[in-house]
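# how would this look folded up:
(chains A and B)
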Protein chains: 2
Amino acid sequence: MKRPILLSGGAILALAVLHAPLQAEEGMWTFDNPPTKLVQDKYNFAITQQWLDHVRLSSVRLNDGGSGSFVSPTGLLLTNHHVALGQLQKNSTPEHDYVKSGFYAQTSAEEIKSPDLEVNVLVSMENVTARVQDALKGARNAEQEFAKRKDVIAAIERESQEKTGFRSDVVTLYQGGEYWLYRYKKYTDVRIVFAPEQQIAFYGGDPDNFTYPRYDLDFALFRVYENGQPIQSSNYLKWNPKGAADGELVFVSGHPGSTQRLDTLAQLEAERDLYEPATLKILHSRIDTLKKYSATGPEASRRAMAQIFSLENSLKAYDGREKGLQDKRVMDAKRSDETKFKAQVAANPQWKAAYGNAWDQIASAEKKAQTRFKEQYFHGLNSSLANLAQQIVQYVAEIKKPDGERLAGYHESQLESLRLGMFSPAPIYPDMEIARITGALELDLAEAGAAGGNDPWVKMVMNGKSPRDVATELVNGSKLTDPEVRKKLVEGGESAVAASTDSMIVLARKLDPVRRELTKWLEDNVQSVEQRAGEQLGKARFAAFGKSTYPDATFTLRLSYGQVKGYPMNGTIAPPMTTMYGLYDRSASFGNKGPFELPQRYVDGRTKLDLATPFNFVSSNDIIGGNSGSPVVNKNGEIVGLIFDGNIESLVGDFVYEGETNRAVAVHTAAITEALRKIYGADKLAAELLSAPN
Amino acid sequence: MKRPILLSGGAILALAVLHAPLQAEEGMWTFDNPPTKLVQDKYNFAITQQWLDHVRLSSVRLNDGGSGSFVSPTGLLLTNHHVALGQLQKNSTPEHDYVKSGFYAQTSAEEIKSPDLEVNVLVSMENVTARVQDALKGARNAEQEFAKRKDVIAAIERESQEKTGFRSDVVTLYQGGEYWLYRYKKYTDVRIVFAPEQQIAFYGGDPDNFTYPRYDLDFALFRVYENGQPIQSSNYLKWNPKGAADGELVFVSGHPGSTQRLDTLAQLEAERDLYEPATLKILHSRIDTLKKYSATGPEASRRAMAQIFSLENSLKAYDGREKGLQDKRVMDAKRSDETKFKAQVAANPQWKAAYGNAWDQIASAEKKAQTRFKEQYFHGLNSSLANLAQQIVQYVAEIKKPDGERLAGYHESQLESLRLGMFSPAPIYPDMEIARITGALELDLAEAGAAGGNDPWVKMVMNGKSPRDVATELVNGSKLTDPEVRKKLVEGGESAVAASTDSMIVLARKLDPVRRELTKWLEDNVQSVEQRAGEQLGKARFAAFGKSTYPDATFTLRLSYGQVKGYPMNGTIAPPMTTMYGLYDRSASFGNKGPFELPQRYVDGRTKLDLATPFNFVSSNDIIGGNSGSPVVNKNGEIVGLIFDGNIESLVGDFVYEGETNRAVAVHTAAITEALRKIYGADKLAAELLSAPN
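Numbers count the residues shown, from 1 in each chain, chains lettered A, B, ... in the order given. Predicted structure coming up:
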C-alpha cells in the first residue's frame, strides 16, 4: 500500500472537526505528543523519551512516497519493494530487469545508486505556532492572512536551513491549530542492496493488494551513503528474527500520507459527490492507456509496469475510500460528530464569536471551488516531460522573487530537493509519453472540453489537431529527455527559457499564465478562506478538548500503537498471521497461474524452507498510505515486522478508524530471514542484519 | 451446512411469486423438468434420460436432514460427517466417542447399525395435479378445499403405498401449480463404516462454517443393508479420484430443504419483521442453555455436542438470511418483480378474475397469522421426551380416524417412518433434558407469558412453579427414556395412554387440546387461504411463463448445474479450490489452537501427504441447506466431489440466487482418497471405492 498519488486539490482542502472519544488504538500521534498514557493504561508499558528518540532517529521518510528504517549500524535501510520499485525500474534495462529478476549486491561495489531518491530523518521538532499566528496580526481579511502566513513560513524555513543546514519544513497540524518546524537530515546517495523478484514481493498482484490473509515478501534493502561511504550510526533498529507474536503490543513509526478525519461534512460531501468520482474516472483512464501501451510488446510492458502498479494501487485505495463515503453509517457518524461539536461551540459565547462561523465559511468556499473543479481535475497532460517543462518555466521565474511570494514548491528551502528530481537521469520513454499524453487529452476533451471545445486550455493545447498528433508533435519536438538539456535551460535562466523552441517548453510557457490564474483564484477564493476557518476550528478543538487527540496525517513522522491480532472477516476470523504453507496453498489453489504463480526459486526451494515460518501478520495499528515501509517495533525498540499494506476494511481509514476490523498488514521478520538464507543464499546480508549489536 | 431446523410455521406459509428471467446456473430443477436446454446452450452437453435415471437412482435422502449417494456396488453410502453426526453421537458412549476419535470398520462385522436413520431413494414420479385439482371441485370456500385436498392427498399416498410397497409422498410444487406423487425405496438398516475425527470433519468450527476458503474433510461412509445383507446394485456413482477441475461443468443431485424465492412481499416482510427475529432469539437461547450445560463436565459436553453443532449451524444460516432480508437491494428487487408480475396478471381480464386477488388474500392471512405468532414460536419445551409424549398421545388418537382427517404426519403412509423415530433406542439424557426444558420455559415465560402470566399454555405447564422445578419433576417422573415403555403405551392404545401417570404423558394430554385448537385455527385462517391463493399464483405463473422455471425447494430430489470457479471475495478472488497446504497454514496461523487445532494423526502424518492435493472446492451450483452430502457429479456421471456447505455469500439464497458470488462448497474426492490411504491406513476402503466397475 503505497501512498496513493494525490491527483489534485482534494488534500489541500482538508480541514478540522474533532470526533471524540477515540477508539482504543486509534491515532497517528506526533512524537511531541505520544500516546504515553493510553499505552500505559492498556498495556502497562511506559514509553520513555529515550525509546522515542531512538525510534524516531531510526525512522526514514522516502521522497518516493513511503517510509523506512535503518536496520544496521552501516546504513542498511529497510523498506517495501513497492516503495523501492520506482528506483528499481529506473535502474533496469531490457537486459537487466531487476524488477522481474530481483537484485542482490554481494559486495558494496555492486550496490547501485538510485537516480533520484532522497531520504529524510527527522532530527528535531520546534513549535512555531506563536510566531506564525503573531505574523497574521493586522491582516484585514483572509487573503492578507494567506499572504502573511506564506511569508512567515517561508522565512522560518529559510532561516532554519541557513542556520542548521538541515532540510526545514513548517508543518501545519490540527488544520492550523499548531505549526511546527521539522528539521530533517537529508541523504541523496541511496544504493540498492537487495530486492526479491516482484512476483513474490507483490504476490497475488492487484487482486490480493489491500487484502488479507496475504503472502507477500514486500521488502527491499537500500544502503545509505554520505561522502561516498556507508553511514555509521547507532540509530538503527535491532533485527528481531523471531518477529511479532500473536497478542503482542507493537508500534509503527512512519509517515502516513494524508487523512481527512477532521474534514467538515460539507467537504466530505463534495469529496463524495464530485472529487472522488472524478479521481476514479482519471485513474481508470490512465490505467487503460498504459495497459493498451503495454500490450504492444514486452519492452513496453516492462517500461509501463511500475506506473501501472502505482495506478492500480491508487484505484483500489480510492475504491475503498469511495465505499466509505457511500456508507450511510460513516456519514451519519460524521454528521452526528459535527452537530455535537457545533453545539458545544455555540454554547460558549466567546467560542461562538471566535469560531462559530467557520463551518459556514468552509461550506461556501467549497461551493465556490466546485465551480472550477473540472479545470483542476481534467486539465492535465499526464506526462513526465510536460511536468519537467512546467517546473523549468516556473523555476526560472520564481527564484527571482522574494521567498515569501513564490509559488508553493519553489521556496528557498525546497530548491535542493526540487533540483534532484528536475535533473534526475532516470529514463523517460518517448513512446510511452506519446501514449500517456494521447490518453490524457482524450479524457480532457471528453470532460473539460465538453462545452463545444470552447475551453481555453483545451484550445491552447489542441490547436485543432487530434490528441495523437498533438502528443506526437510535443514529444518528438522536445529534447527534455536529456537531463543535461534541462540543466542548461535552468542555468540559462529566464532568457534561455523564453528563447527555447523546445516544443514542451513552448507549450509550458503558453499554459503558465492559465495555471497561475487558476492557482491565484483558488488561493483567494478557497484556500485562504479554508485555512482561516481551519485555524478557527483547530483553536476551537483545543479550547474544547485540549490536546487529547492527534492531527490528520501530513506525510510527517507519526507513532501508532496496537496489538498483533486477527479480526472478523467475511463470516469467519482472519488469523493474526499467515505462514509459508499458505503461499504454496494459494499458488496451487490457482493452478500456479497469473498473479499467483510462484517464482522458480520458490518452486525449487520449497523443501529447504520451514513452511511453518510466519509470513505476513496483522495488527490494530492505525496507519494509512505513506506508512508503507514503516518498521513494526516491539517494546524493546527492535524491529519485528515491516508494514506494507492495510486490509480492505482499513480503506475507510481516510475518514474513520474502525478498531474491530481495521488492520495494518506487515511482513514478518522471520519470513525475511528465512527467505534471505534459504531461497536467495544471501547469508552475508542475513548475517549483517542478525549480528548487528544493539 | 446441514438443513437448518425448521422451528415452526415459517416454512408451511411459503407461497408463490415468480421472478424472471433466471440467472445463468440458477435453479434447483426437478428430474421431470431438467435444465437440458440451458446446459446444452451454455456447455454444449446433452443430458440424456439414461444419465438422469442413473444419477437419480444413485442419489439418497437421509431423514436426518441431508443428502447422500451410493458410491459402490455393495451399498457404500457417502454423505457428510455432519449429516452422520447424529447417528455417530447416538452410538457413542463415554468410553467410545466416535465423534471425537472417528470410526473405521475394517470388516463388515465391525459396522455399526444406526438407531433411527431412514434413507430414501426416489424410484418414480407421477404427476397427480389433475386428480388433486379435480377433487377440489364443488368446495364452497378455502376451508372446504383444504379438507378435500388433505383427503385426496392422503388417499393417493395410501393407495400407492398399498399397491407398490414404496414410501409414497405427494409433493406440492410451484406452490400448488403442480402436485406429484414421489415413490421412494426406503432403507432402515444403515450401518456406519467410516467417519474421521470431528476436528477434521468440522475443521475451523463455527467460525469457518458457511465460509470459504475452507479446509474441511466433512465426509462419512455408511453401508446400506437389506435383509441383513449389503445391498447389491449398479445404481451407484463411480469414484473419480482426480476429482473436479477448475472450470469444469458439474451437477449436484440432492435434496434442498426449503427456499422462499417465490414468497410474496407480504410474506417476506412478516419473515423479516417477526419470524426471523423470533427464530434468532430462540436459537440464541437454546445455544446458551446447552453451553451452560456443557460447561458442567466433559461427559455433559460430549452429550450436548451434536445439538450445539446443529443449533450454531442454524444460527449462522439464519444470520445470513437475516442479512438478506435486511438488504434493501434484495427487497427492492422482490418488490419490483412482484409489481411486474401483478401488472401482467392485471392486464389479462381472464387472469385478473381468476388470480388477481391472490396477493391481497395472502397479505390478510399473514396479518391474521401474526396475531397468534408468539404461541407458535414460544410455546415449546425443547425436549425429546416431551416430543415423544406428544407423538404417543396424538398417535393413539389419530390412527382411529379416517386417513384424510388425520393430523399432518399421522397419515397411513407415514406411520412406518414415524414409528422408527418413536421407538428409536437412541439415548436420551435426563440431565440434559432438564437443562433444555428449564431454558425453554424461561424463554417461554419471558416472551409468551409476558402478559402477567395469564397465557393459558404457560399456566398449564408452570402451575405456579419455577422452570427448573417443573423441568425436574417432568423428567424425573417419566420413564419414556426407555423405548419399550413407549412401545407398550402405543400398543395399549387410547386407554393405556389415558391411564398413564407418566409425567410427560400427563402433560401431553393436558396440552393436546390447546395444540389442536391452534393447529385448527391456523388451518382455517391461514393455511387454507394461503394454499388456495398459492395455487392461483402457481396457475398464473404457468399461464404467463409456461414451465420455464423451477419450484421452491421442498426437501425432494433436485438437479442443479454449475461450474467449478472462484469468485470475488472481500476485495480479492477466492480460488476455485484449496489444497492440503492450506490446512497446515490455517493451523499454524492460529498457533494450532481452538477450532484450528489439527488432530494428532494429521500432525504425525504430514510428511506422508502430497500437500498439493486439492481439498475443498467451490462451484456455482444453486444449493441450500438439505443439500449437505449431495454428490458433485461430472458429465460422465462420476462423483468428483461432496457438497457440504455454501459460502457466506450464498446464505441470501433462501430468497435470491446471486450468481457472481453464490457458491456451493464441496470436499474434493482427491482429498478423501489421500486421507483414507495416508492418514487412516484405510486402504481396503479406498480400494473398494476405486476398484468399483462402472
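# only C-alpha atoms for contact and neighbour calcs from this point on.
Will do.
# flag every buried residue along the top helix by length along chain A.
Looking only at chain A and at elements set by DSSP state H, the helix with the highest residue count is helix A:298-326. Going by neighbour count (16 or more other C-alpha atoms under 10 Å in any protein chain shown), the buried part of helix A:298-326 is A:300-322, A:324-325.
# same question, stretch A:277-295
Neighbour counts using 16+ other C-alpha under 10 Å place A:278-280, A:282-283, A:285-287, A:289-291, A:293-294 of stretch A:277-295 among the buried residues.
# what would those look like in TSV with pLDDT, distance to residue A:467 and secondary structure?
Compiled in TSV, these are given as follows (pLDDT from 0 to 100; distance: C-alpha to C-alpha, whole Å; DSSP: H, G, I helix; E, B strand; the rest coil):
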residue	pLDDT	distance to residue A:467	secondary structure
A:278	94	20	helix
A:279	94	21	helix
A:280	95	22	helix
A:282	95	16	helix
A:283	96	19	helix
A:285	96	14	helix
A:286	96	15	helix
A:287	96	17	helix
A:289	97	13	helix
A:290	97	16	helix
A:291	97	18	helix
A:293	97	15	helix
A:294	97	19	helix
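# any idea which of these is closest to residue B:391?
Nearest to residue B:391, judged by C-alpha to C-alpha, of the buried residues of stretch A:277-295 is residue A:280 at 64.4 Å.
# measure that closest one to chain B for me?
Separation of residue A:280 from chain B (C-alpha to the nearest C-alpha, to the nearest Å): 17 Å.
# correct me, but that residue touches residue A:320?
No. The pair residue A:280 / residue A:320 is not scored as a contact, 11.1 Å apart, by C-alpha atoms under 8 Å.
# tell me where the model's unsure across chain A.
Residue ranges of chain A with pLDDT under 70: A:1-21, A:449-453, A:692-694.
# again, 80 this time
Low-confidence segments of chain A (pLDDT under 80): A:1-24, A:448-454, A:692-694.
# close to chain B: what parts of it are there?
Proximity of chain A to chain B (C-alpha under 8 Å from any C-alpha of the partner chain) is limited to residues A:207-211, A:570-573, A:575-582, A:584-586, A:588-590, A:612, A:614, A:648.
# ok, now with 7 Å
Contacts of chain A with chain B, taken as C-alpha under 7 Å from any C-alpha of the partner chain, map to A:207-208, A:211, A:570-573, A:575-579, A:581-582, A:584-585, A:588-590, A:612, A:648.
# assumed residue A:528 was part of a strand.
No. With DSSP: H, G, I helix; E, B strand; the rest coil as the criterion, residue A:528 is helix rather than part of a strand.
# how about the secondary structure of the closest residue to chain B within the stretch 201-350 of chain A?
Residue of the stretch 201-350 of chain A nearest chain B, by C-alpha to the nearest C-alpha: residue A:207 (4.6 Å). Under three-state DSSP, residue A:207 falls in the helix class.
# on that earlier part again, between the buried residues of stretch A:277-295, which sits nearest residue B:92?
Nearest to residue B:92 among the buried residues of stretch A:277-295: residue A:280, at 60.2 Å, using C-alpha to C-alpha.
# just checking, residue A:157 touches residue A:166?
No. Here residue A:157 does not reach residue A:166: they are 9.7 Å apart, not a contact under C-alpha atoms under 7 Å.
# let's verify the closest residue to residue A:683 other than its chain neighbours: helix, strand, or coil?
Taking C-alpha to C-alpha, 6 or more residues apart in numbering or on different chains, and ignoring the residues beside it in sequence, residue A:683 has residue A:677 as its nearest neighbour in space, at 5.2 Å. Secondary structure for residue A:677, judged by three-state DSSP, is helix.
# what's the neighbour count on residue A:677?
Neighbours of residue A:677 under the rule other C-alpha atoms under 10 Å in any protein chain shown: 18.
# what of residue A:469?
Counted with other C-alpha under 10 Å, residues neighbouring residue A:469 total 13.
# helix or strand for it, which one?
Assessed by DSSP states H and E, residue A:469 sits inside helix A:467-476.
# residues making contact with that helix?
Helix A:467-476 is contacted from outside by A:430, A:433-434, A:437-438, A:441-442, A:462, A:503-504, using C-alpha atoms under 7 Å, 6 or more residues apart in numbering or on different chains.
# same check, this time on stretch A:303-312
Contacts for stretch A:303-312 (C-alpha under 7 Å, 6+ apart): A:85-86, A:89, A:206, A:283, A:287, A:290, A:294.
# what is whichever strand or helix holds residue A:665 packed up against?
For residue A:665, the element it lies in under DSSP H and E is strand A:664-668. Helices and strands touching strand A:664-668, by 3 or more C-alpha pairs under 7 Å, 6 or more residues apart in numbering or on different chains; DSSP states H and E, are strand A:614-619, strand A:639-646.
# for it, which strands pair with it and how are they oriented?
For strand A:664-668, the paired strands and their directions (DSSP bridges) are strand A:614-619 (antiparallel), strand A:639-646 (antiparallel).
# export the strand or helix carrying residue A:342 as PDB, just CAs?
Assessed by DSSP H and E, residue A:342 sits inside helix A:328-346. Taking C-alpha atoms only, helix A:328-346 is exported to PDB below (Å, rounded to 0.1, in the frame of the first residue of the first chain):
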ATOM      1  CA  LYS A 328     -24.500   5.700   5.300                       C
ATOM      2  CA  ARG A 329     -23.200   4.600   8.700                       C
ATOM      3  CA  VAL A 330     -19.900   6.500   8.200                       C
ATOM      4  CA  MET A 331     -21.600   9.700   7.000                       C
ATOM      5  CA  ASP A 332     -24.200   9.600   9.800                       C
ATOM      6  CA  ALA A 333     -21.400   9.300  12.400                       C
ATOM      7  CA  LYS A 334     -19.700  12.300  10.800                       C
ATOM      8  CA  ARG A 335     -22.900  14.300  10.800                       C
ATOM      9  CA  SER A 336     -23.600  13.500  14.500                       C
ATOM     10  CA  ASP A 337     -20.000  14.400  15.500                       C
ATOM     11  CA  GLU A 338     -20.200  17.700  13.700                       C
ATOM     12  CA  THR A 339     -23.600  18.500  15.200                       C
ATOM     13  CA  LYS A 340     -22.300  17.900  18.700                       C
ATOM     14  CA  PHE A 341     -19.100  19.900  18.200                       C
ATOM     15  CA  LYS A 342     -21.100  22.800  16.700                       C
ATOM     16  CA  ALA A 343     -23.400  22.700  19.700                       C
ATOM     17  CA  GLN A 344     -20.500  22.800  22.100                       C
ATOM     18  CA  VAL A 345     -19.000  25.800  20.400                       C
ATOM     19  CA  ALA A 346     -22.400  27.600  20.200                       C
END
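# buried ones in it, by neighbour count?
For helix A:328-346, a neighbour-count test (16+ other C-alpha under 10 Å) marks A:330-331, A:334, A:337-338, A:341-342, A:345-346 as buried.
# contacting residues around the next helix or strand after it?
Next along the chain after helix A:328-346, taking DSSP H and E as the criterion, comes helix A:349-355. Defining contact as C-alpha under 7 Å, 6+ apart, one finds that helix A:349-355 is touched by A:345-346, A:536-537, A:540.
# any chance you could map the strands in the stretch 101-250 of chain A?
Counting by DSSP state E, counting those that start in this stretch, the stretch 101-250 of chain A has strands at residues A:103-104, A:112-113, A:119-127, A:167-173, A:178-187, A:189-195, A:220-226, A:229-230, A:249-254.
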